[in-house]
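# model the following, please.
(one chain, ligands or ions: 1)
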Amino acid sequence: MPQTQKPAILLLADGHVFHGKAFGATGTTTGEICFNTGMTGYQEVFTDPSYSGQVLIMNNVHTGNYGVNITDVESKSVKIRGLIGRNLEERYSRYQATDSLDAYLKENNIVSIEDVDTRALVAHIRTKGAMNCIISSEILDIDQLKAELAKVPDMDGLELASEVSTTEEYELGDPASPLKVAVLDFGVKRNILTCLTDRGAHIRVHPAKTPLARLKEFNPNGYFISNGPGDPSAMPYAVETLKAILAEEKPLFGICLGHQLLALANDIPTFKMHHGHRGLNHPVKNLQTGRSEITTQNHGFGVDPEAVRKHPNVEITHVNLNDESIEGIRIKNKPAFSVQYHPESTPGPFDSRYLFDDFIALMK
Ligand SMILES: NC(=O)CC[C@H](N)C(=O)O
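Residues are numbered from 1 along each chain as shown. Predicted structure coming up:
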């Protein structure tokens, strides 16, 4: 906790007010409130592009105590819109750390609030569901905050992926590799790309709206459909590309948003969840092997379980052991599969990394 702190206010769309202290950048920020139950890995979480448009509560009581550095990132900048914590620590201790969380949030202009009763807040979101919120250390008048909050668009129906996708194509891995993967970037996490290149793939990463004709010019052995922020049903352009890719009959692997888009490309609808799944310890059962995995998750939308079960050509490969939501699917007559969770983890356990091996094996 820094020595001198201004007061700050968190207002929820349902009128609930939480008083706390300003941390990081001062000012005002808005977005959809969500919570992550992970005890560690906060820098990887803050830089995950799938969090764009969201204000994040860290459930852990202390965040910031091991500082930040330049390597523990999933993209070039912090992507959360704001941070809420019980204790956000300015002092840190770790030999690899290069700076404090406070300095990092200031540098990335992330308005944050601490000294909030996060247990009560998370319990409230779990009961009432996802909603928009506003944090401010400059506007302390509730009516004025309410007026600002009313201008914030709903996450439902929001297309955000094209805002965080790369604007230029780029290649990674060994250009001499015979294994080529065309990546569609909707906000891809860096470690997903590393999981592919570490397994020998040469990859080309493409902007979100790249048509199949351009993807094919790379002569790929397979296609990877990335994670990303926003509502998948607001991305008809991506669903069209996926349908065209599926007609190619080449291996396809999708993660999170990529999983939702694969469902939509098979006419399975997606829906807005009550408050989503975000954390590092979500149990998932692999129905093909019977084994359980502890997984990293970050999603606020899901694929319609009834529509998946009724689909003649889609097989459920993974289910969530907490709520039986659909965690993985496979297209029966095509070499295409996807998972709702994050096998690249970072942060999280490595239980599900085998999915990258499966994708490589499918291409070989
Ligand atoms: N991590 C992701 O790809 C998130 C997908 C989607 N934006 C969701 O919230 O469900």
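
# CA only for contacts and neighbour counts going forward, please
OK.

# might you list the low-confidence residue ranges for this structure?
Across the chain, the stretches falling below the confidence threshold (pLDDT under 70) are 1-3.

# so it: which segments form each domain?
Domain assignment of the chain by automatic domain parsing yields the ranges 7-149, 161-363.

# can I get the ones you listed in TSV including distance to the ligand?
As requested, the domains of the chain are exported to TSV (distance: least, Cα to the nearest ligand atom, whole Å):
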stretch	distance to the ligand
domain 7-149	5
domain 161-363	3
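
# let's have those domains in JSON lines, adding distance to residue 155 and mean neighbour count.
As requested, the domains of the chain are arranged in JSON lines below (distance: least, Cα to Cα, whole Å; neighbours: other Cα atoms under 10 Å):
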{"stretch": "domain 7-149", "distance to residue 155": "7", "mean neighbour count": "20"}
{"stretch": "domain 161-363", "distance to residue 155": "6", "mean neighbour count": "20"}
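
# show the contacting residues for the residue most central in space within the chain.
With distances taken as Cα atoms, centre = their mean, the residue of the chain nearest its centroid is residue 50 (3.2 Å). Residues in contact with residue 50 (Cα atoms under 8 Å, 6 or more residues apart in numbering) are 79, 187, 227-230, 298.

# pull the CA atoms of stretch 342-354 into PDB?
Listed in PDB are the C-alpha atoms of stretch 342-354, where the atom choice follows Å, rounded to 0.1, in the frame of the first residue of the first chain:
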ATOM      1  CA  HIS A 342      -6.200 -22.700 -21.900                       C
ATOM      2  CA  PRO A 343      -3.800 -25.600 -22.400                       C
ATOM      3  CA  GLU A 344      -0.900 -23.200 -22.800                       C
ATOM      4  CA  SER A 345      -1.700 -22.200 -19.200                       C
ATOM      5  CA  THR A 346       0.700 -19.300 -18.200                       C
ATOM      6  CA  PRO A 347      -0.300 -18.900 -15.600                       C
ATOM      7  CA  GLY A 348      -1.400 -22.400 -14.500                       C
ATOM      8  CA  PRO A 349      -0.700 -26.100 -14.400                       C
ATOM      9  CA  PHE A 350       0.700 -28.000 -17.500                       C
ATOM     10  CA  ASP A 351      -1.800 -30.800 -17.400                       C
ATOM     11  CA  SER A 352      -3.300 -30.000 -20.800                       C
ATOM     12  CA  ARG A 353      -0.200 -29.300 -22.900                       C
ATOM     13  CA  TYR A 354      -0.700 -32.700 -24.600                       C
END
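
# list the contacts of it.
Residues from elsewhere that reach stretch 342-354, judged by Cα under 8 Å, 6+ apart: 40-42, 44-45, 191-192, 195, 255-256, 280-281, 293-298, 355-356.

# among these, which lie within helices?
Using DSSP state H, the members of these that fall in helices are 42, 44-45, 191-192, 195, 355-356.

# for the stretch 101-250 of the chain, which segments count as strands?
Counting by DSSP state E, counting those that start in this stretch, residue ranges of the strands within the stretch 101-250 of the chain are 111-114, 132-136, 170-172, 180-184, 202-206, 222-225.

# parallel or antiparallel, list what pairs with the last one.
Counting by DSSP bridges, the strands paired with strand 222-225 are strand 180-184 (parallel), strand 252-255 (parallel).

# want to try a markdown table for the ones you listed, with distance to residue 149 as columns?
Written out in a markdown table, the entries for the strands paired with strand 222-225 read as follows (distance: least, Cα to Cα, whole Å):
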| stretch | distance to residue 149 |
| --- | --- |
| strand 180-184 | 33 |
| strand 252-255 | 32 |
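
# just tell me which of those strands ends up closest to residue 16.
When the strands paired with strand 222-225 are ranked by proximity to residue 16, the top entry is strand 252-255, at 34.6 Å, counting by Cα to Cα.

# chain center to the closest one: distance?
15 Å (Cα atoms, centre = their mean, to the nearest Å).

# which non-adjacent residue is nearest residue 172?
Sequence neighbours aside, residue 203 is the residue nearest to residue 172 in space, at 5.3 Å (criterion: Cα to Cα, 6 or more residues apart in numbering).

# for that neighbour, which residues are in contact?
So, once contact is read as Cα under 8 Å, 6+ apart, residue 203 ends up touching 171-173, 180-183, 193, 196-197.

# same thing but 7 Å
Residues in contact with residue 203, defined by Cα atoms under 7 Å, 6 or more residues apart in numbering, are 171-173, 180-183.

# in a helix, residue 262, correct?
Yes. Using DSSP: H, G, I helix; E, B strand; the rest coil, the secondary structure at residue 262 is a helix.

# so the residue nearest to the centre of the chain: helix, strand or coil?
For residue 50, the secondary-structure state derived from three-state DSSP is helix.

# okay, and the beta partners of residue 282?
Here residue 282 sits in beta bridges with residue 295, going by DSSP bridges.

# in contact with it, which residues?
294-297 are the contacts of residue 282 under Cα under 7 Å, 6+ apart.

# would you list every one of the helices in the stretch 251-364 of the chain?
Assignment of helices within the stretch 251-364 of the chain using DSSP state H, counting those that start in this stretch yields the ranges 257-265, 305-310, 354-363.

# turn these into a markdown table, including distance to residue 67.
Below are the helices of the stretch 251-364 of the chain laid out as a markdown table (distance: least, Cα to Cα, whole Å):
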| stretch | distance to residue 67 |
| --- | --- |
| helix 257-265 | 30 |
| helix 305-310 | 41 |
| helix 354-363 | 31 |
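
# just tell me which of those ends up closest to residue 223.
When the helices of the stretch 251-364 of the chain are ranked by distance to residue 223, counting by Cα to Cα, first place goes to helix 354-363 at 9.5 Å.

# what angle separates that closest one from strand 180-184?
Note on geometry: by axes from the mean of the first three to the mean of the last three Cα atoms, to 10 degrees, helix 354-363 and strand 180-184 are set 120 degrees apart in direction.
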